[in-house]
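> sequence-free structure coming up:
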């Protein structure tokens, strides 16, 4: 099957390899002239594909995705399919789908999990959109997904793919936080000699066996106490969006939020909270100003 | 190798099978005369084993374990080994080890993970105690553990096995809570058609692939919305102990605690909190007493 | 000074009394013909006031506020002032201000705290908008606020009044949750004979002395264990908005969120989470289906 | 009435003044010869009082309190009363009471709130022990407590005074955290010009009016953004004990714990958690090691 791939970065580039490995014909384009692109413009990409075309957008969420979809709207024909495989917010998908639908262009949103391991292991794919469109592009999805029976789902209507990916990432935050809390507790305890080796032992036979634990084993192989890793973590937006969505739906997400807040705190987000606490304590403890002197009333 | 197994319930009974399958000679005893016990008293069990004996205690934590160890202390000889494979608290292990050491009896504590699946899949084992004693009983542990290279660790000194198991279970609480939060968010959202099928799709290729997710797939096979499952969860003590240990060590455990508190709340633990909140709101909102009338100031 | 008051419910009605008590001339209007309204239409209200007019909108947030402001835009003249004293979200204020500015009408948003006690005690007022407009209406605000030096602030530009009120309510959630957690802990402990009387004793001399504690004393006077109060709490949206705003600003709000989630949970929000937890436990604990039988592995 | 005061530090010293101001005869002792002590030994203190004596122990919790009570046990007579006014854990009170009871010496535990302001404002006192003993020493308590009708309670049996104080401090943690979250959110928002002035305005008329807010006003008078206050906070043990007690009682305390964990995190408690999170992310994001390069998959 033919497909146009826009965005040939780490993710897009690996996906092209997997698609070609699955026997598909891929026309790749990237804004960067130094990339391994097959054509040097969107126009050329569209011209190189037979209708009804399938174009996969794999560029950063926000402006880049939005302008790419706008440009494709001008170039594509009714019946063509645009798949947004980036990290767009689920609410944006409805706008993109509606805009493309004005010209009869079909739209799918696709959440992609797997990171750099996906090239070899296959990507877990979550789609949002019409069943018919999903079935039309299924051969391409089959080449990208892992070999087993799992790893591919039509999660819901437009937006459902990115909603599912958002929830997936929120769960991932909670799981990593849970492992982190366990490791940190063992690191401080005199009962455990080697926290990393203890965790690694759980990779088989235990209830917490998981791919994240396999990765942890990799990570601690040469640095069992993780002393070369900074005690700071970034966030990517998706857990935040999930918590916001859940707040509106009336669903508590304390574990997911604990994970996000630990990361925000590591970047200074709670500093003003602590200043208030310490300032109040200094007031009722006796106007001491040095933090180490603050009495423990 | 010879071993005496005390406690032939679901866990102990399955472990006996696995030990025998591994070529070991097991003498089983249980207080219950209807069990498949080989001898009808602790005395007979001890008499049936050659010194230095290995006796595995697999009875409920607390009084039953304590009295079993006390009885064994009276019957065993210097050099014999007692392994506590139950769910004892790590602080109790030191007392048991010290008591047995008075007679020269060696002690190991062993956290066991795997549930009913362990019979077939093997049990993840975490030990606490002396390296020499651990090596002495290793053939038995090899028969119980899974076949791969993981699933067995000497985590630390006496108490380390149960400490590791406690942390393991705390992590398990956090992971289940994380999956729960994701599922609940999808259940309430119009973007997701079938939350269970979406989660099942993550079993391969995704970052959250895990044994717990495999179990979730089993659980939702015939009840995808889990409507037959009560919205109530028990707790087993180990997450609570981990949170307490971490509190003393100065390590935050918000995700683990979120999981525990959700369970305690489901059993009414937060009822008095809510009464205070609603009573205060009624006061400043205008003395309304019916909850649905409480104004939203 | 003259003022038009739109919305004569519990809050608006009490404010009219306080304004008149402060020597101001109030023209009141309400959609409800059975209210104590002075005029029977918005047109009549506008006609009854001298330019530049001050009109206070005290109707429910959302549609009612929006349509009232739209109608006022059509009726008022350049230089007139509209104050939104309801519970609008801070993001809506900018839209309202921009719309009114098209006709030269000035806008202030005003967060109001104090509940039914405000009639007597005075209302804490937080304003957003231009300093000049704030000073113009100050005589009215002085009549509404408490007698002391506090209780009135120009918090920021348009939206700042409702932002401040939102944060105020978020703090209120956290404080009530904190009192609730303390009360609930004492209710379950054998160390405390009468939790309510113990808390009441803190009204003077203690660090937690507060108006909320005064209200708690009222609430528990005839029901010290709050057994007539349902263990369910509503939420009014403002804590939710604050958590969302803070999430975007990178500020953790775990105590505020704990309070909100406890309320959402009391209305069933966590039910699906618990179903997942219990379903998973049943899987690894041995396929038991009755919750009380679920083993505690 | 006569009383012996042991410990003349900031708290004990101020209490002596208040007791004398109330017309009581105080014999003060402190280990420190430079203190304003009236006698230079415990023996002399006991000798200076008429039986049945009342001795108030106001020394650090733990060893100092324990050895003081041991020494008093040797010196006092049946019918004498020992009051522990320090920050002992409630579980220790039962041991102390039982030990003193062997000689017929009566015991009360007393939680004291009020900090350095108590000297002037009066101390909120929470007692644990027998009603009769409480009534016997009531004249002394009346001199220490604030002038109003609140500020003194017999909370429960032995241990109840410190249990109540522990819960009081847990609530205080939650309240300070709530104020901190609100302040921090406003500090980051463009909607609020001066967060401190906005919070100060709530001191009258608002639902969150409280003594802590009064203290906040003091603290921010010359440093409205608290930039001279370190973003680090200590903890005093009592919130930790309350959370542990509540965990055992099955009562969730998420707001109290959020406050404690924010403080523990500010002292590095979560560093190992973050290392795990960042190490795992680096694994699935592509082996990047610099934190700023970690991709946001």
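Received, thanks. No experiment lies behind these values; they were computed from the predicted model shown. Numbering: from 1, shown residues only, chains lettered A, B, ... in the order given.
> burial of residue A:190, as a residue count?
Per other C-beta atoms under 10 Å in any protein chain shown, the neighbour tally for residue A:190 reads 11. The C-beta positions use only the backbone N, C-alpha and C, and glycine is treated the same way.
> which SS state does it fall under?
The three-state label given to residue A:190 by DSSP: H, G, I helix; E, B strand; the rest coil is coil.
> now do residue A:112
Classification of residue A:112 using three-state DSSP returns strand.
> and the helix or strand harbouring residue A:126, what's its mean pLDDT?
Assessed by DSSP states H and E, residue A:126 sits inside strand A:124-128. The pLDDT scores in strand A:124-128 average 98.
> can you tell me which residues contact residue A:217?
A:196, A:199-200, A:203 (C-beta atoms under 8 Å, 6 or more residues apart in numbering or on different chains).
> ok, back up a step: which helix or strand lies directly C-terminal to the strand holding residue A:126?
Next along the chain after strand A:124-128, taking DSSP H and E as the criterion, comes helix A:131-144.
> is any part of that following helix close to chain B?
No: Helix A:131-144 does not reach chain B (C-beta under 8 Å from any C-beta of the partner chain); its nearest approach is 9.0 Å.
> for that helix, name the packing helices and strands.
Taking 3 or more C-beta pairs under 8 Å, 6 or more residues apart in numbering or on different chains; DSSP states H and E as contact, the helices and strands that helix A:131-144 lies on are helix A:10-21, strand A:54-57, strand A:81-84, strand A:106-113, strand A:124-128, strand A:152-156.
> the nearest residue to residue A:52 once chain neighbours are set aside: what secondary structure?
Using C-beta to C-beta, 6 or more residues apart in numbering or on different chains and skipping the chain neighbours, the partner closest in space to residue A:52 is residue A:79 (4.0 Å). Three-state call for residue A:79 (three-state DSSP): coil.
> for residue A:79, give me its contacts.
Counting by C-beta under 8 Å, 6+ apart, residue A:79 touches A:51-52, A:104-106.
> for the residues you listed, give me CSV that also has distance to residue B:264 and neighbour count.
Formatted as CSV, the entries for the contacts of residue A:79 read as follows, by distance: C-beta to C-beta, whole Å; neighbours: other C-beta atoms under 10 Å in any protein chain shown:
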residue, distance to residue B:264, neighbour count
A:51, 60, 11
A:52, 56, 15
A:104, 55, 11
A:105, 52, 24
A:106, 49, 23
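> low-confidence stretches in the stretch 51-200 of chain A?
Scanning the stretch 51-200 of chain A for pLDDT under 70 picks out nothing.
> for it, list the residues in contact with chain D, please.
Residues of the stretch 51-200 of chain A found near chain D (C-beta under 8 Å from any C-beta) are A:87, A:113-117, A:176-177, A:179-181, A:183-184, A:187-188.
> restricted to strands, list those.
residue A:113 (DSSP state E).
> show me which of the residues of the stretch 51-200 of chain A next to chain D is closest to chain C.
Proximity of those to chain C (C-beta to the nearest C-beta) peaks at residue A:177, which lies at 12.8 Å.
> ok, the closest one - contacts?
Going by C-beta under 8 Å, 6+ apart, residue A:177 touches A:255, A:258-259, A:262, B:174, B:178, B:254-255, D:273, D:277.
> and those, which are buried?
In the contacts of residue A:177, burial by neighbour count holds for A:255, A:258-259, A:262, B:174, B:178, B:254-255, D:273, D:277, counting by 16 or more other C-beta atoms under 10 Å in any protein chain shown.
> about what we covered before: neighbouring strands of the strand holding residue A:126 in the sheet, and parallel or not?
In its sheet, strand A:124-128 lies beside strand A:106-113 (antiparallel), strand A:152-156 (parallel), with partners assigned from DSSP bridges.
> look up how far residue C:263 lies from whichever residue of the stretch 101-250 of chain A sits closest to chain C.
At 4.6 Å from chain C, residue A:250 is the closest residue in the stretch 101-250 of chain A, using C-beta to the nearest C-beta. Going from residue A:250 to residue C:263 by C-beta to C-beta, to the nearest Å gives 9 Å.
> who touches both of these two?
By C-beta under 8 Å, 6+ apart, no residue touches both residue A:250 and residue C:263.
> and the two? Which one has more around it.
residue C:263 (27 against 19).
> circling back: output the helices and strands packed on helix A:131-144 as TSV; include the columns distance to residue B:222.
Formatted as TSV, those follow (distance: least, C-beta to C-beta, whole Å):
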stretch	distance to residue B:222
helix A:10-21	34
strand A:54-57	36
strand A:81-84	33
strand A:106-113	27
strand A:124-128	23
strand A:152-156	19
